[in-house]
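K.L.:
below are the sequence and a predicted model for it; my questions follow.
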Number of protein chains: 2
Amino acid sequence: MHVAPERGRRAFDPLVALNAAKEVFWRHGYEGASLTDLTAAMGINKPSMYAAFGTKQELFEKVIQAYAADDMAYARAAMEQPTAYEVAAALLHDNAIAVTRPDCPPGCLSIQGGISTGPANSSVTEFLATSRLAGEALLADRFRRAIDTGDLPPGTDPAALARFLMIVTEGQAIHATAGVSRADLQASASLALLVFRSLSVSS
Amino acid sequence: MHVAPERGRRAFDPLVALNAAKEVFWRHGYEGASLTDLTAAMGINKPSMYAAFGTKQELFEKVIQAYAADDMAYARAAMEQPTAYEVAAALLHDNAIAVTRPDCPPGCLSIQGGISTGPANSSVTEFLATSRLAGEALLADRFRRAIDTGDLPPGTDPAALARFLMIVTEGQAIHATAGVSRADLQASASLALLVFRSLSVSS
DNA sequence: CGGCATCTTTACCGCTCGGTAAAGTTAGCA
DNA sequence: TGCTAACTTTACCGAGCGGTAAAGATGCCG
């Protein structure tokens, strides 16, 4: 697993190229992004792409890793808020911002990337769905701790609450791709947060 | 606009074929569904498909019409409920059912069909987004009437409320494609409906 | 400066895509 | 029964797909 020392140095910055590929996948999805589109945006030819990142699917996986590390950092940060309500508020409001960045395509790469694919690429769809559910499980854990500390009422279903919030973020992402404004998405986030006022009263 | 009387009769049922095409588009999306996949599922050859339905895009438009008429009937029915709360409850619960039908692909054709496409088919994405927002406008109108009749508090923002509910339905659809169960989606619907308890208290 | 490992470029592979021309088949009407 | 209009079948089109072989440029090291 040792990479040989490079003799003839690479003529492009892999990080810049990866970010360019990310935007193309984000806008057109895994199958909608052709290698011609991708390499044109990356400023390199197909064999260079192949040597640096592997197959199209391997490139996509690296893009997803970069996306999770950079563009999804707000979600990890939200979970560190002191109270469950603040966790939810940060998640929903920061998601409204994330899916309407003027310097990025609208929506969320995890959904745009491959919510549906042809029969040959169903593994892409499954991989993205699994990783979204993994994030939801982390959020449920956060709410479980909130129940333990008395921050949320004992009867609360932490998994259901996490699922509801993730559903809202996904709906926000879909809405963003339809051109709905950041302000309107934040209004819906505020509306969604009203459920916290009734949590203690519900079963 | 008069159709010539048919001499050599068609050897397949166009409605059955259209339903078969609907399932393929629903599962694989507009671009992920190849003409080969589509015609195989429809039980006909490409020229027959072409003669009966036109181009792939025209076939897709006819599929969407059938989908709106049949599979989205629950949404129109929900809006006829007597109170705003019952409208929302019917919409969210029936949507949870609609996106998890065992005899249909998971999720919603409007999202699966083309939430992202290659550069050549962006019109499909735009068409679907526009029709989703049209449904949302109808829902906002319904809430506007509810405010007029005193069913909803005067300070309520009908467009924001409609947007929130549509966001939830879209998130449910995405969740359904990840394999989340109907019962879990209905639990999140019940959670979302809690916002109605706080509507009078919010601005 | 020569040798060579590396990267980049050009050109191309087999395959599938959406779409169609033309021949073959079917059925109603005279 | 034979003509004719419609539909179906077969075979194919140019274009673009993901991926790659082979030749040409580049730069470090001895």
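P.N.:
Cool, got the structure.
K.L.:
only C-alpha atoms from now on, for both contacts and neighbour counts.
P.N.:
Will do.
K.L.:
all helices for chain A, in order.
P.N.:
A:14-32, A:35-42, A:46-53, A:56-70, A:73-78, A:84-98, A:109-112, A:122-148, A:158-177, A:182-192, A:195-198 (DSSP state H).
K.L.:
for the fifth one, name the packing helices and strands.
P.N.:
It stands for helix A:73-78. Packing partners of helix A:73-78 (3 or more C-alpha pairs under 8 Å, 6 or more residues apart in numbering or on different chains; DSSP states H and E): helix A:84-98.
K.L.:
CA atoms only for the helix it packs on, dumped as PDB, please.
P.N.:
Presented in PDB, the C-alpha positions along helix A:84-98 are these (Å, rounded to 0.1, in the frame of the first residue of the first chain):
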ATOM      1  CA  ALA A  84     -31.800  19.200  21.600                       C
ATOM      2  CA  TYR A  85     -33.800  22.200  20.400                       C
ATOM      3  CA  GLU A  86     -30.600  24.000  19.500                       C
ATOM      4  CA  VAL A  87     -29.300  21.000  17.600                       C
ATOM      5  CA  ALA A  88     -32.500  20.800  15.600                       C
ATOM      6  CA  ALA A  89     -32.600  24.600  15.000                       C
ATOM      7  CA  ALA A  90     -29.000  24.700  13.800                       C
ATOM      8  CA  LEU A  91     -29.500  21.700  11.600                       C
ATOM      9  CA  LEU A  92     -32.600  23.000   9.900                       C
ATOM     10  CA  HIS A  93     -31.400  26.600   9.500                       C
ATOM     11  CA  ASP A  94     -27.900  25.700   8.400                       C
ATOM     12  CA  ASN A  95     -29.300  23.100   6.000                       C
ATOM     13  CA  ALA A  96     -31.500  25.900   4.500                       C
ATOM     14  CA  ILE A  97     -28.300  27.800   3.900                       C
ATOM     15  CA  ALA A  98     -26.300  24.800   2.600                       C
END
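K.L.:
now tabulate the helices of chain A in JSON lines and tack on mean pLDDT.
P.N.:
Listed next are the helices of chain A as JSON lines, based on pLDDT from 0 to 100:
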{"stretch": "helix A:14-32", "mean pLDDT": "97"}
{"stretch": "helix A:35-42", "mean pLDDT": "96"}
{"stretch": "helix A:46-53", "mean pLDDT": "95"}
{"stretch": "helix A:56-70", "mean pLDDT": "97"}
{"stretch": "helix A:73-78", "mean pLDDT": "98"}
{"stretch": "helix A:84-98", "mean pLDDT": "98"}
{"stretch": "helix A:109-112", "mean pLDDT": "98"}
{"stretch": "helix A:122-148", "mean pLDDT": "98"}
{"stretch": "helix A:158-177", "mean pLDDT": "98"}
{"stretch": "helix A:182-192", "mean pLDDT": "98"}
{"stretch": "helix A:195-198", "mean pLDDT": "96"}
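K.L.:
for residue A:23, see how far away the closest residue to residue A:99 other than its chain neighbours is.
P.N.:
Setting aside the residues directly before and after it, residue A:99 is nearest to residue A:107 in space (C-alpha to C-alpha, 6 or more residues apart in numbering or on different chains), at 4.3 Å. The gap separating residue A:107 from residue A:23 is 11 Å, by C-alpha to C-alpha, to the nearest Å.
K.L.:
OK, contacts around the residue nearest to residue A:29 when sequence neighbours are not counted?
P.N.:
Of all residues not flanking residue A:29 in the chain, residue A:113 sits nearest, at 4.0 Å (C-alpha to C-alpha, 6+ apart). Contacts for residue A:113 were tallied using C-alpha atoms under 8 Å, 6 or more residues apart in numbering or on different chains; they are A:25-30, B:116.
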